[in-house]
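*Asks:* Make a model of this:
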Amino acid sequence: MKKKALIFGVTGQDGSYLSEILLKKGYVVHGVKRRSSSINTQRVDHIYQDPHEIKRNFILHYGDITDSTVVSKIIKEISPDEIYNLAAQSHVAVSFEVPEYTANADALGALRILEAIRFHKLAKKTKFYQAGTSEMFGKIREKIQNENTPFNPISPYGVAKQYAHWITINYRKAYGIFASNGILFNHESPRRGETFVTKKIVAALCKIKLKKQKTLFLGNLYAKRDWGHAKDYCEAMWKILQHKKPDDFVIATGKQYSIKEFIEIVSSQLNMKIQWRGKGINEKGYHDGKPIIACDKKYFRPLDVEDLIGNASKAAKILKWKPKINLKQLVKEMIQYEMDLN
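*Replies:* Numbering: from 1, shown residues only. Next comes the predicted model:
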């Protein structure tokens, strides 16, 4: 009998890649999508164009991680072998604007799933994966972060995710649930949401290259991140649940770039040489003598994580996982996607 997986957040970047991976491995994949007046399944619609066998093994359900009754009902009906909680309000800056909703979805969402597993007596059957984030490290206490680095979140998003992380560990210890955390550092792809900085940079520079846009406005150019490809990181999620015992893993590339360096990688691949002038909020990027990149106060967060870089040696040793796609390859893929759109 085929394994059954249930993905909360199936219509997101990670949900779409994870669905593809699991289907290729022979799973029946159930996904939970929110009801919306506008189409919100673009990232998974292509799965329905695959062979009929794939179609029959990919089933979507209406639901919302903030609705405990529906969460419980879906888990009881499907009785899945594996649950992946990828549902979240995942934008750090937005979490300052909607902190209560962020807590409801990102913190209590994990609790609702874990409680359903316990209540329906699925602890011996169902494995649970919680999508954690490097934003939990916040104002860093160690230069390179691993599983033992203390958390110090400085956004409602990071705080909510920390609750989800610890409640996962609590249910693992208290009820014997196979519940694991993946502490994922930034991961991007052509399917990244349009408001996220990497997607915003690639899309804007492609449009500027094609003379469809004049200026790209950004916030902190000197924040540093560890960027990987979402496809690699979704493979890690699956590996985490295949390990013989539940555990927590940092997933990262171990390489770090600033926003400014990311811009220069993108512009280099587009053959757009950028010259930087000015300092602080007045710093601008020029191309062919024209200012095409500028800073805007509205894109600065009330508190900003300046410096993140992960040590994924535990995942490499235990899970035999390592990233396959480097940043330049990732950028090339994102550029190609945007150019095809234009």
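
*Asks:* Ramachandran angles for the residue at the greatest distance from the centre of the chain?
*Replies:* When each C-alpha in the chain is compared with the mean C-alpha position (CA atoms, centre = their mean), Gly289 comes out farthest, at 36.5 Å. Note on Gly289: its backbone torsions stand at phi 80, psi 0 [degrees, to the nearest 10].

*Asks:* what about the helices in the chain?
*Replies:* Assigned helices in the chain, in chain order: 13-24, 52-56, 68-78, 92-97, 99-102, 108-119, 156-175, 197-209, 230-242, 259-269, 313-314, 327-341 (criterion: DSSP state H).

*Asks:* nearest to Pro302, of the ones you listed?
*Replies:* The closest of the helices of the chain to Pro302 is helix 92-97. By CB to CB, the value is 5.5 Å. (Glycine included, C-beta is placed from N, CA and C.)

*Asks:* And the contacts of that closest one?
*Replies:* Helix 92-97 is contacted by residues 89, 102, 135, 155-158, 160, 195, 299, 301-302, 305 when judged by CB atoms under 8 Å, 6 or more residues apart in numbering.

*Asks:* One more: stretch 307-320?
*Replies:* Residues from elsewhere that reach stretch 307-320 (CB under 8 Å, 6+ apart): 134-135, 137, 140, 143-147, 183, 185-186, 223-226, 236, 239-240, 243, 247, 249-256, 321-322.

*Asks:* In ChimeraX, how would I select the buried members of the residues you listed?
*Replies:* With 16 or more other CB atoms under 10 Å as the burial test, the buried ones among the contacts of stretch 307-320 are selected in ChimeraX as follows:
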select :134,135,137,140,144,145,146,147,183,185,186,223,224,225,226,236,239,240,247,249,250,251,252,253,254,256,321
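
*Asks:* quick one on the thing from earlier: mind checking how far the residue farthest from the centre of the chain is from Ser268?
*Replies:* Between Gly289 and Ser268 the computed distance is 19 Å (CB to CB, to the nearest Å).

*Asks:* For Lys332, give its distance to Val266.
*Replies:* For Lys332 relative to Val266 (CB to CB), the value is 10 Å.
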